[in-house]
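S.K.: A predicted structure for the sequence below; I have some questions about it.
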Amino acid sequence: MRAELLITPGCRHAAESEQAVRTALEEVGVDGGLQRIYVADLDHAAGLGFHGSPTLRLDGQDVLPPPPRTPINLECRQYEQPDGSLAGVLPEGALQAELKRRAAELEQASAERAARPGVAELPARVSRNLFLWASRRRWLARVATGFPLTRPMVRRFIAGERLEDALTVLERLREQGLRWTLDVLGESVSSPESAQAAADRYLEALDALSERGLEANVSIKLTQMGLGIDPELCRSNVARVVERAAQLGAFVRIDMEDHTKSDVTLEIARSLHGGYDDVGVVIQSYLRRSAADIEQLIGEQIRVRLCKGAYDEPPSVAFARKVDVDESFAQLMERLMLAGRYPGLATHDEGLIARAIQLADQHGVGPEQFEFQMLYGVRRDLQDWLVEQGWTVRVYVPFGAEWYPYFMRRLAERPANALFMLRSVVREGRGR
């Protein structure tokens with residue numbers, strides 16, 4: 001059960017309410033702790049279903065919901081106390097009663113799921129596998145790239161097909177106080193010439209970033225550099241990119257792909273990091289091996305971007321359930337924040353972000369010691385809010401004509417993104 005206390009900065013009832021919630025959770029025997037989430041403005045409040053400070057949510061639902069049609073607001077919230085009076089503190093007795101009811105519902109639901117294993121997660125799994133299947137079909141790519149409806153959807157999440165388009169996007173992000181990593185889209189090339197051309201595009205991008213006075217930070221995929229053709233060809237192409245990065249004082253992140261490439265990806269990243277300190281790598285929390293990899297990378301002081309993972313992996317190597325992937329992310333995130341070298345936490349999950357902020361507050365980890373990372377065009381409201389709160393946010397900005405596989409994997413990560421994208425296109429098409 002995920003417990004979240006939503007409050008506005010400076011809420012005078014926060015401390016007393018938090019103590020009441022913790023006492024109620026302990027009395028009922030609910031594990032998992034309590035996360036504090038600060039609500040900064042009405043846009044953020046609307047996204048959370050927030051009706052005043054403080055508000056307690058369990059698994060995303062208001063524990064003591066207000067009357068219907070209560071407007072979203074940032075005001076002090078009033079609760080009926082045992083003596084019938086109103087006050088801004090969450091009443092402990094009512095909390096315990098509601099927590100017991102929720103716990104009983106969860107226990108019953110868990111028993112029903114055990115009786116029908118896999119049924120609850122079947123729709124999401126089917127959707128995920130469908131998008132991953134589609135990402136590997138070149139004929140579908142040809143259809144999608146020529147279909148008019150896809151263009152406005154793609155424009156929101158891809159920074160154009162030309163380098164100049166991407167540079168314009170980066171200048172806009174800089175004005176918003178955001179940072180970035182640039183990704184020249186493309187993967188699984190079929191010839192040495194294509195791999196060399198991909199490396200050349202990165203050299204061009206690094207030079208353009210430097211000339212524009214923009215932070216030079218790029219992310220590359222080894223299959224795009226020729227890994228599937230010849231590992232030595234790949235190593236040579238990546239080395240060319242890293243050599244130019246060293247000349248410009250740039251940072252290069254090597255993306256992680258499916259689990260069959262984990263060892264070679266880490267080996268190449270380590271060898272390059274040995275010659276140039278500003279080379280980093282990506283670790284995926286859904287892989288069972290990731291905890292051991294993280295410990296080694298911490299010891300080597302190699303910068304890590306931690307993400308959940310977006311490839312179709314067998315249960316023998318990857319966690320299948322979302323709850324397990326999330327818990328793995330949380331545990332790896334804590335290790336990196338406390339011992340890693342400037343980790344990047346790549347997630348849009350508000351619960352995990354709140355957990356990171358709470359961890360930073362508890363251990364005195366400042367915004368100069370780690371950063372949040374998010375995808376271009378996804379949860380722009382959350383990106384802006386984090387920047388307003390003083391946290392560092394880096395946006396993963398892809399550009400290029402070969403956007404289709406990347407786009408499909410983003411849908412596979414969370415199939416509900418498909419509906420979100422369609423709503424965004426319709427809303428923005430109306431002049432938003």
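M.R.: Right, received. Where do you want to start?
S.K.: Quick check: which helices or strands does the host helix or strand of residue 172 pack against?
M.R.: With elements taken from DSSP states H and E, the one containing residue 172 is helix 163-175. Packing contacts for helix 163-175, counted by 3 or more Cβ pairs under 8 Å, 6 or more residues apart in numbering; DSSP states H and E, involve strand 179-184, helix 192-212, strand 393-399. In short, each C-beta sits where N, CA and C put it, glycine included.
S.K.: Give me the contact list for the shortest one.
M.R.: By that I understand strand 179-184. Applying Cβ atoms under 8 Å, 6 or more residues apart in numbering, the external contacts of strand 179-184 come out as 166, 170, 173, 198, 201-202, 205, 209, 215, 217-220, 224, 251, 253, 255, 371, 373, 376, 392-400, 406.
S.K.: Phi, psi for the spatially most central residue of the chain please.
M.R.: The residue at the geometric middle of the chain, judged as the C-alpha nearest the mean C-alpha position with Cα atoms, centre = their mean, is residue 347 (1.5 Å). Geometry field for residue 347 lists phi and psi as phi -160, psi 150, criterion degrees, to the nearest 10.
S.K.: ok, it touching residue 355?
M.R.: No - with contact defined as Cβ atoms under 8 Å, residue 347 does not count as touching residue 355 (9.9 Å).
S.K.: List of residues touching stretch 190-210?
M.R.: 163, 166-167, 170, 182, 184, 186, 189, 215-218, 220, 224-226, 229-230, 233-234, 237-238, 240-241, 244-245, 248, 250, 400.
S.K.: Keeping just the C-alphas, turn it into CSV.
M.R.: Output of stretch 190-210 as CSV, limited to C-alpha atoms (Å, rounded to 0.1, in the frame of the first residue of the first chain):
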residue,chain,number,x,y,z
SER,A,190,23.0,-3.1,-41.5
SER,A,191,26.3,-2.0,-43.0
PRO,A,192,29.7,-0.6,-41.9
GLU,A,193,29.0,2.5,-43.9
SER,A,194,25.7,3.2,-42.0
ALA,A,195,27.5,2.7,-38.7
GLN,A,196,30.2,5.2,-39.7
ALA,A,197,27.6,7.6,-40.9
ALA,A,198,25.8,7.4,-37.5
ALA,A,199,29.0,8.2,-35.7
ASP,A,200,29.5,11.1,-38.1
ARG,A,201,26.1,12.5,-37.2
TYR,A,202,27.1,12.5,-33.5
LEU,A,203,30.4,14.4,-34.4
GLU,A,204,28.3,16.9,-36.2
ALA,A,205,25.9,17.2,-33.3
LEU,A,206,28.7,17.7,-30.8
ASP,A,207,30.3,20.4,-32.9
ALA,A,208,27.0,22.2,-33.4
LEU,A,209,26.3,22.1,-29.6
SER,A,210,29.7,23.6,-28.9
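S.K.: in that stretch, what counts as buried?
M.R.: Across stretch 190-210, burial judged by 16 or more other Cβ atoms under 10 Å covers 195, 196, 198, 199, 201, 202, 205, 206, 208, 209, 210.
S.K.: before we move on, what about stretch 322-332?
M.R.: For stretch 322-332, using 16+ other Cβ under 10 Å, the buried residues are 325, 326, 328, 329, 330, 332.
S.K.: residues contacting the residue nearest to the centre of the chain?
M.R.: Contact analysis of residue 347 by Cβ under 8 Å, 6+ apart lists 307, 308, 329, 353, 372, 373, 374.
S.K.: Can you tell me the closest non-neighbouring residue to residue 49?
M.R.: If the residues on either side of it in the chain are set aside, residue 49 comes closest to residue 62, at 6.4 Å by Cβ to Cβ, 6 or more residues apart in numbering.
S.K.: got a list of what that neighbour touches?
M.R.: Applying Cβ under 8 Å, 6+ apart, the residues contacting residue 62 are 49, 51, 55, 56.
S.K.: Okay, it and residue 78: tell me how far apart.
M.R.: 14 Å (Cβ to Cβ, to the nearest Å).
S.K.: next one: residue 329
M.R.: When residue 329 is compared with residue 78 (using Cβ to Cβ), they lie 37 Å apart.
S.K.: And for residue 227?
M.R.: Distance, residue 227 to residue 78, by Cβ to Cβ: 60 Å.
S.K.: and those two? which has more neighbours close in?
M.R.: Neighbours were counted for residue 227 and for residue 78 using other Cβ atoms under 10 Å; residue 227 has more, 24 against 14.
S.K.: mind listing what that one touches?
M.R.: Taking Cβ under 8 Å, 6+ apart as the contact definition, residue 227 lies against 234, 261, 264.
S.K.: Of those residues - the most surrounded one?
M.R.: Taking other Cβ under 10 Å as the neighbour criterion, residue 234 ranks highest of the contacts of residue 227 with 23 neighbours.
S.K.: Centre of the chain to whichever helix or strand it is part of, how far?
M.R.: Counting by DSSP H and E, the element that carries residue 234 is helix 231-248. The gap between the average C-alpha position of helix 231-248 and the chain average comes to 28 Å, counting by Cα atoms, centre = their mean, to the nearest Å.
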